[in-house]
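> output the structure for:
(one chain, ligands or ions: 2)
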Amino acid sequence: MRASFMQEITIRRPDDWHVHLRDGSVLREVVPFTARMFGRAIVMPNLVPPVTTTALAKAYRERIRAAIPAGVKFTPLMTCYLSDDTDPADLVQGFRDGVFTAAKLYPAHATTNSHFGVTSIKRIYPVLEAMAEAGIPLLAHGELTRSEVDIFDREKGFIDEVLVAVLARIPKLRIVLEHITTTEGADVVRAHADRMAATITPQHLLYNRNALFQGGLRPHMYCLPVLKRETHQLALRKAATSGEKTFFLGTDSAPHLRHLKEAACGCAGVFSAPVAIQAYLRVFDEENALDKFEAFASLNGPAFYGLQPHEERVTYRRRQPFSPAPVRIGNEGEIVSLFDGENVEWVAA
Ligand code: DOR
Ligand code: ZN
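Ligands and ions are numbered 1, 2, ... in the order given. This next block holds a predicted model:
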């Protein structure tokens, strides 16, 4: 499959436009991976309790900063967890004060720690209107949550039932459809490229739903939105490697302790932080599109958020394949990384 024989690639330092860093001991162990690899990251607010106010976001940002290894330059960009009770004045002020970069929509019960999420989009129309006025992007977990909706159709359903209505009702609102998993996701973003974008995770580029059941049940492949069929995977690979401005890197790295994933009712999330760049590079390499990698990883995201790309350059080289070790969390257990037991090829020079 691999057509390229490039041995190294130099790009501006990349950013991760969607990551879960958690809190406490997990935060302290996972932040260094993201901070060493990326210049900035959009940090998801689905803590317990969630990051719903400027004050909570400021305090969380301090805890993240304290976990950045000495000498590493890394900027966490904070998001506000939208709920039925979000105070638009606090959100707008937090944005103006440089605390919030965006606000995250979790439809209630869509995923991990989303039970305080939005129960009906109509309830937050005033907040969305205030965000549009202030220029605050909406980051959407785009899935319907009604239990009768087939899990593989939840993203398409969200686009048809929720997103289209929001786009029509609030023309100035800028929206990132997070971790897209379907052809329909890529298409809707392209159709509204003047004000929409999408992040794409490594796992949705590398795998399709077969990976969930390969030789048995694979809990470490389970995330939300769930992996889809191959046609969608191929559409995402095309989108990510196209260079189009609307698609950019967002790992959705989502650490959960091993015993919480390898369980009768396992948590959703793929922890990719230790190997994120390597995972994307594998995809771009296989697609013979390493020349488009900088746009996806380092340019398109900052352009959408109105930020400058980094001046600093990073070089990645092929090296002897290595396997990422699980990350120990004191006495609590360990977190299994993407590519556990497999080989990773690329490494920062
Ligand atoms: O798989 C997921 N894990 N999807 C999400 O939307 C949330 C995330 C998490 O926080 O674990
Ligand atoms: Zn996420």
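> switch to C-alpha atoms for all contacts and neighbour counts from now on
Noted.
> partners of the longest strand along the chain, with directions?
Longest strand in the chain, counting residues (DSSP state E): strand 313-322. Neighbouring strands of strand 313-322 in its sheet, by DSSP bridges, are strand 8-12 (antiparallel), strand 344-348 (antiparallel).
> let me have those strands in JSON lines, extended by distance to ligand 1 and mean pLDDT.
Shown next, in JSON lines, are those (distance: least, C-alpha to the nearest ligand atom, whole Å; pLDDT from 0 to 100):
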{"stretch": "strand 8-12", "distance to ligand 1": "27", "mean pLDDT": "95"}
{"stretch": "strand 344-348", "distance to ligand 1": "22", "mean pLDDT": "77"}
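> any idea which of the ones you listed is most buried?
strand 344-348 (a mean of 19; mean count of other C-alpha atoms under 10 Å).
> and the gap between the nearest residue in space to Arg123 that is not next to it in sequence and Gln93?
Distance criterion C-alpha to C-alpha, 6 or more residues apart in numbering; nearest residue to Arg123, sequence neighbours excluded, is Asp84 at 6.1 Å. Using C-alpha to C-alpha, to the nearest Å, we find Asp84 at a distance of 18 Å from Gln93.
> next one: Val51
The gap separating Val51 from Gln93 is 15 Å, by C-alpha to C-alpha.
> more neighbours: which of the two?
Taking other C-alpha atoms under 10 Å, Val51 and Gln93 do not tie; Val51 has more neighbours (21 against 14).
> circling back: residues contacting the residue nearest to Arg123?
Asp84 makes contact with 117-120, 123-124 under the criterion C-alpha atoms under 8 Å, 6 or more residues apart in numbering.
> narrow those residues to those that are buried.
117-119, 124 (16 or more other C-alpha atoms under 10 Å).
> of all those residues, which comes closest to ligand 1?
Gly117 (11.7 Å; C-alpha to the nearest ligand atom).
> residue contacts, the residue nearest to that closest one when sequence neighbours are not counted?
Of all residues not flanking Gly117 in the chain, Ala108 sits nearest, at 4.1 Å (C-alpha to C-alpha, 6+ apart). Taking C-alpha under 8 Å, 6+ apart, we find Ala108 in contact with 114-119, 145.
> if we look at ligand 1, which of those residues are close to it?
Among these, no residue lies close to ligand 1 (C-alpha under 6 Å from any ligand atom).
> as CSV, the residues you listed with distance to Pro171 would be great.
Putting the contacts of Ala108 into CSV (distance: C-alpha to C-alpha, whole Å) gives the following:
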residue, distance to Pro171
Ser114, 27
His115, 28
Phe116, 27
Gly117, 23
Val118, 21
Thr119, 22
Thr145, 25
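> take these and keep only those in strands.
Those of those lying in strands (DSSP E): none at all.
> and the two most separated of those residues?
Spanning the widest gap among those are Phe116 and Thr145, at 13.4 Å by C-alpha to C-alpha.
> what is in contact with these two at once?
Contact with both Phe116 and Thr145 is made by residues 108-109, according to C-alpha under 8 Å, 6+ apart.
> interface residues of the stretch 1-150 of the chain facing ligand 1?
When proximity is defined as C-alpha under 6 Å from any ligand atom, the stretch 1-150 of the chain approaches ligand 1 at 111-112.
> strands along the stretch 1-150 of the chain, start to end?
8-12, 16-19, 40-43, 75-81, 100-105, 138-140 (DSSP state E, counting those that start in this stretch).
> for Ala348, find the nearest of these.
strand 8-12 (9.4 Å).
> and for the closest one, what are the contacting residues?
Outside strand 8-12, the residues touching it (C-alpha under 8 Å, 6+ apart) are 290, 293-294, 298, 309-318.
> so how far is it from its chain's centroid?
Taking C-alpha atoms, centre = their mean, to the nearest Å, one finds strand 8-12 lying 22 Å from the centre of the chain it belongs to.
> just to revisit the earlier point, reformat the contacts of Asp84 as JSON lines; add pLDDT.
Output for the contacts of Asp84, formatted as JSON lines (pLDDT from 0 to 100):
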{"residue": "Gly117", "pLDDT": "93"}
{"residue": "Val118", "pLDDT": "95"}
{"residue": "Thr119", "pLDDT": "93"}
{"residue": "Ser120", "pLDDT": "93"}
{"residue": "Arg123", "pLDDT": "96"}
{"residue": "Ile124", "pLDDT": "97"}
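> in helices only, show me those.
Among the contacts of Asp84, no residue falls in helices (DSSP state H).
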